[in-house]
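*Asks:* Structure of the sequence below:
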Amino acid sequence: MYKQIGVLTGGGDAPGLNAVIRAVVRTAIGEFGMKCVGIEDSFEGILGEPKTVKLTKRSVGGILPRGGTILGTRNRGSFCKMIEGKPVIPDMPIDEALDNLRKLEIEALIVIGGEGTLAIAEEFHRRGFPVIGVPKTIDNDLSATELTFGFMTAIDIATEALDRLHTTAASHDRVMILEVMGRNTGWIALHSGLAGSADIILIPEIPFSIDSVLKKVRQREKDGSSFTNIVVAEGAVEVGTKPIYLDAEAMRLGGVGSHLRRRIEAETGKESRCVVLGHLQRGGSPNAFDRMLGTNFGACAVRALANGQTGVMVALKAGEVHSVPLADAIANIKNVKVDGQLVRTARDIGISFAAPNESKL
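*Replies:* This is a model prediction of the structure:
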């Protein structure tokens, strides 16, 4: 049995991180008699002069509903760099990190993060250091788990935004465009679009045709609906083009919503507006589901360590938490299936994905 374990959060923040931290601490101390050390600023906190904090049941009291992470997080640094918009692991200072962990008397790590963070955790495992991963991403794009915490809250926020845009769109006969997060996958756009009665959903998995977008807007006008609501993932691309970036050098996506607004207004003459939801999807209090899922993941991660497991990630399958090898967890991302049930349902009820051959699908 481990005497002392460490816990850290990595990558972008997500609603529910504090729920996981709280569950890890309460389970480790209360159930298994372990001590807990929080590592601040992700893996960067175990380099140089370590930045850590002792975690107790009292110190994690009241953090369940709190957004963000009490430990701080990073999505780039000595362990991970962003190249062409993707996390790339450089030659990591593993030896220095392992040396510091030994000095801190931390015998195992629970690492909470997405694909990039868990890839770093896998490197620690390969070096023989005990580690358990907890899946976190609002994009829900980790293939080894049915759900990641943070996703449901992000959907709630996007859906509420669509609800609000719907009323103002109808009042002014406008085209309203909501740009949501989703670099490589369209899960947030798809789910919120269905829940928020969008007329058009644009996702990275289905390149769109501007002509198909215009056709849908005009068809709604012809049918007596003088407004249109569109939800678009930031990584959605027009056929034959590349993703649009706010900052090309940093490969920071953004701007596809404004691009659509200009084209629609120019081609149809209809007044159009674009709202970029941005980091509102990451911030604030987690909903009830993400509090529950984060708590479940955190407790199960500690139990996995106590049972001698290492190099695995806890994952949700058919409502139960299981463990899967970290190597499998980071092998592939989970894309929206273009012929999957949710896409078929959306098309069945009249939602367009603005594919070039949309009428034939």
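*Asks:* Only C-alpha atoms from now on, for both contacts and neighbour counts.
*Replies:* Fine.
*Asks:* which stretches of the stretch 201-350 of the chain form helices?
*Replies:* 210-222, 256-268, 288-306, 326-329, 341-348 (DSSP state H, counting those that start in this stretch).
*Asks:* Can you spell out which helices and strands pack onto the third one?
*Replies:* Other elements packing on helix 288-306 under the criterion 3 or more C-alpha pairs under 8 Å, 6 or more residues apart in numbering; DSSP states H and E are helix 17-32, strand 131-135, helix 151-172, strand 312-317, strand 320-325.
*Asks:* Mind listing what's buried along it?
*Replies:* Using 16 or more other C-alpha atoms under 10 Å as the test for burial, helix 288-306 gives 290-306.
*Asks:* same check, this time on the second one
*Replies:* Using 16+ other C-alpha under 10 Å as the burial criterion, the residues of helix 256-268 that qualify are 256-258, 260-261, 263-265.
*Asks:* ok, now the last one?
*Replies:* The neighbour-count criterion (16+ other C-alpha under 10 Å) identifies 342-343, 346-347 as the buried residues of helix 341-348.
*Asks:* got it, and the fourth one?
*Replies:* For helix 326-329, burial by neighbour count (16+ other C-alpha under 10 Å) applies to 326-327, 329.
*Asks:* same thing with the first one?
*Replies:* Of the residues in helix 210-222, 210, 212-214, 216-218 count as buried by neighbour count, 16+ other C-alpha under 10 Å.
*Asks:* Looking at these, which is nearest F149?
*Replies:* V213 (32.5 Å; C-alpha to C-alpha).
*Asks:* Help me confirm that that closest one comes into contact with N357.
*Replies:* No: look at V213 against N357 with C-alpha atoms under 8 Å: they stay out of range, at 11.7 Å.
*Asks:* How much space separates V175 from G224?
*Replies:* 14 Å (C-alpha to C-alpha, to the nearest Å).
*Asks:* Settle it for me: which of those two has more neighbours?
*Replies:* V175 (24 against 9; other C-alpha atoms under 10 Å).
*Asks:* okay, the buried residues of helix 256-268 in TSV with distance to E40 and pLDDT next?
*Replies:* Formatted as TSV, the buried residues of helix 256-268 follow (distance: C-alpha to C-alpha, whole Å; pLDDT from 0 to 100):
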residue	distance to E40	pLDDT
V256	35	93
G257	36	93
S258	37	93
L260	40	94
R261	41	95
R263	45	94
I264	46	95
E265	47	94
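*Asks:* P50: which of those is nearest?
*Replies:* V256 (41.0 Å).
*Asks:* Could you list the low-pLDDT ranges of this structure?
*Replies:* 76-91, 248-251, 359-361 (pLDDT under 70).
*Asks:* A helix includes K57, no?
*Replies:* No: per DSSP: H, G, I helix; E, B strand; the rest coil, K57 lies outside any helix segment and is coil.
*Asks:* my guess is it contacts R26, does it?
*Replies:* Yes: the criterion here is C-alpha under 8 Å, and K57 meets it with R26 at 5.8 Å.
*Asks:* More neighbours: which of those two?
*Replies:* Between K57 and R26, counting by other C-alpha under 10 Å, R26 is the more crowded of the two (24 against 16).
*Asks:* What's the separation between K317 and R252?
*Replies:* Distance from K317 to R252, by C-alpha to C-alpha: 33 Å.
*Asks:* swap in Q219?
*Replies:* In this view, Q219 and R252 are 34 Å apart by C-alpha to C-alpha.
*Asks:* now do G350
*Replies:* Taken as C-alpha to C-alpha, the span from G350 to R252 is 32 Å.
*Asks:* Which one's more surrounded, the two?
*Replies:* Per other C-alpha under 10 Å, whichever of G350 and R252 has more neighbours is R252, with 16 against 13.
*Asks:* Test my guess that that one contacts E234.
*Replies:* No: checked against C-alpha under 8 Å, the pair R252 and E234 is beyond contact range at 9.8 Å.
*Asks:* which ones are touching A355?
*Replies:* 206-209, 212 (C-alpha atoms under 8 Å, 6 or more residues apart in numbering).
*Asks:* coming back round to it: and which of the buried residues of helix 256-268 is nearest to L246?
*Replies:* Closest to L246 out of those is V256 (9.3 Å), distances taken as C-alpha to C-alpha.
*Asks:* Show the contacting residues for that closest one.
*Replies:* Here V256 is in contact with 179, 232, 234-237, 243-244 (C-alpha under 8 Å, 6+ apart).
*Asks:* Verify the stated contact: I138 with I157.
*Replies:* No: using C-alpha under 8 Å as the test, I138 is too far from I157 to be in contact (11.3 Å).
*Asks:* Compare these two (neighbour count), which wins?
*Replies:* I138 (25 against 20).
*Asks:* can you map out the strands along the stretch 101-250 of the chain?
*Replies:* 108-113, 131-135, 175-180, 200-202, 228-233, 245-247 (DSSP state E, counting those that start in this stretch).
*Asks:* which parts of the fourth one are buried?
*Replies:* For strand 200-202, the buried set under the neighbour-count rule, 16+ other C-alpha under 10 Å, comprises 200-202.
*Asks:* List the contacts of it.
*Replies:* By C-alpha under 8 Å, 6+ apart, strand 200-202 touches 186, 189-190, 193, 208, 213, 216, 228-233, 236, 351-354.
*Asks:* Please repeat the previous calculation with a cut-off of 6 Å.
*Replies:* Strand 200-202 has contacts (C-alpha atoms under 6 Å, 6 or more residues apart in numbering) with 230-232, 351-353.
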